[in-house]
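Colleague: no sequence on this one, just coordinates:
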């Protein structure tokens, strides 16, 4: 079966060792020839049980080069992030920033004691993460500590209250699967968050028969982890799993870890990101010389609604700009930040900070710009929900809208570059298409998408959307076909 498939797919690929054959002048022009090759590739692929949606157009004219099932509805997986980041860039603007203010209801005495509580008023800033701070888990909270010390604060004689009320308390996306909750891509959403609401774990093999060393980043005991992951000899294979109990901050790692494998990383999410944020903040303050006598508290458990008009601001932290934020969404395909952006649209332009309000704002934007939205169904901001439904027509229409937008270059630069970075870093390597494709991937079980822009060898810009749903063959076969289609398009005008 596999041997036959390799032969079949190999017949559709370009041999790097074959003697080049001079192209013949055919009755078909370059676009028709590319369409013919794509049709041949898909018609002979082992995806009989699945269905493909493909649309390819010339960016400058909108002329259709190829289409297949373009009006059908597909689960887009992380292609949904194209919709979210485009709306955030258009509505909020490339220089938009989040501002988080630290307040107190007390006074600072001459001995440096803050006799009162510290309130952290969340703005839904998603950038409190190593991803925005040179892979450093500590620098942001150390900066906060220094800001408090600069105000002369040596001790806080009160609690640290985390205020997440910029968003409604809806920690998960609509239609998310319960068994995704423990893992980083299913992290909870909150108006006050740290480290994207999960804890990284560095896994270090030890002596044979002993548990591996599991080191948390950031360094916190907020999540307790049972370590039943045992080190085995180098002739054995690593096999393990991990989990977090529902609605609890208790997790475990179980299985075996081979000494032949080097140090690696995994992660578990946290329950109640708001409490997590102020809990870790208190730990950082105390480790760096500021005593805190009170407890970390989620504002939902506080005695009263904070009255910031009566409080004193201590300092305000400003996030990275939106153009940087959308790049941190699209290149690594980060779900938590995408969900935050969608709720931010609701908070800024709708009635409240929810995904439903954010979706209303998105749809109003698309309609106002004349985008094709027939049957477009958005249920979350990241594409983790299997209830999202889009068509190749809709996605190409979105990409065309952004091609014509003043911030086109920022949007395109936020997308992974094939063979270079992000989720397409290993795609199309060694092919002419490498470096010439900027596209967003998408994957959930039985779904694979790739949509974006490419440039031919003669530098003509092309917009494309490639989607396949309901396949049961390995995802690598879908990747192969998508890469080959991009290569056909890139080389069609050689």
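Modeller: Looks like it came in fine. From a predicted model like this one, the values you see are computed outputs, not experimental measurements. Residues are numbered from 1 along each chain as shown.

Colleague: Can you show me the helices along the stretch 151-300 of the chain?
Modeller: For the stretch 151-300 of the chain, applying DSSP state H, counting those that start in this stretch gives helices covering 273-287.

Colleague: Do a quick rundown of the strands in it.
Modeller: 155-156, 160-163, 198-204, 213-217, 224-232, 239-244, 250-258, 264-269, 291-292, 296-298 (DSSP state E, counting those that start in this stretch).

Colleague: For residue 365, find the nearest of those strands.
Modeller: strand 160-163 (28.7 Å; C-beta to C-beta). For the C-beta atoms, the positions are set from N, CA and C on the backbone; glycine is no exception.

Colleague: part of a strand, is residue 143?
Modeller: No. Going by DSSP: H, G, I helix; E, B strand; the rest coil, the assignment for residue 143 is helix, not a strand.

Colleague: Report the contact partners of residue 94.
Modeller: Residues counted as contacts of residue 94 (C-beta atoms under 8 Å, 6 or more residues apart in numbering) are 321-323, 407, 410.

Colleague: what's the closest of those to residue 441?
Modeller: Once C-beta to C-beta is applied, the member of the contacts of residue 94 that ends up nearest residue 441 is residue 410, at 19.5 Å.

Colleague: Setting aside sequence neighbours, what's the nearest residue to the residue most central in space within the chain?
Modeller: What sits nearest the mean C-alpha location of the chain, by C-alpha atoms, centre = their mean, is residue 334, with 1.1 Å. Closest residue to residue 334 apart from its sequence neighbours, by C-beta to C-beta, 6 or more residues apart in numbering: residue 328 at 6.0 Å.

Colleague: Can you get me a residue count around residue 55?
Modeller: By the criterion of other C-beta atoms under 10 Å, residue 55 has 26 neighbours.

Colleague: you'd agree it is up against residue 392?
Modeller: Yes. Judged on C-beta atoms under 8 Å, residue 55 makes contact with residue 392 at a distance of 3.8 Å.

Colleague: Identify the contacts common to the two.
Modeller: What both residue 55 and residue 392 touch, as defined by C-beta under 8 Å, 6+ apart, is the set 67-68, 70, 465.

Colleague: Of those residues, keep whichever come out buried.
Modeller: Buried members of the shared contacts of residue 55 and residue 392, scored by 16 or more other C-beta atoms under 10 Å, are 67-68, 70, 465.

Colleague: Quick check: the gap between the spatially closest residue to residue 243 that is not a sequence neighbour and residue 270.
Modeller: Excluding the flanking residues, the one nearest residue 243 by C-beta to C-beta, 6+ apart is residue 182, at 5.3 Å. The spacing between residue 182 and residue 270, counted by C-beta to C-beta, to the nearest Å, is 10 Å.

Colleague: Can you pick out the residue with more neighbours from those two?
Modeller: Per other C-beta under 10 Å, whichever of residue 182 and residue 270 has more neighbours is residue 270, with 26 against 20.

Colleague: Can you tell me, leaving aside adjacent residues, what's nearest to the more buried one?
Modeller: Counting by C-beta to C-beta, 6+ apart, the residue nearest residue 270 is residue 276, at 4.5 Å.

Colleague: Could you tell me how many residues sit around that neighbour?
Modeller: Applying other C-beta under 10 Å, we find 29 residues neighbouring residue 276.

Colleague: list the contacts for it?
Modeller: 194, 197, 222, 249, 270.

Colleague: and the two most separated of those residues?
Modeller: Farthest pair in the contacts of residue 276, by C-beta to C-beta: 194 and 249, 13.9 Å.

Colleague: Between these two, tell me which one has more neighbours.
Modeller: residue 194 (27 against 20).
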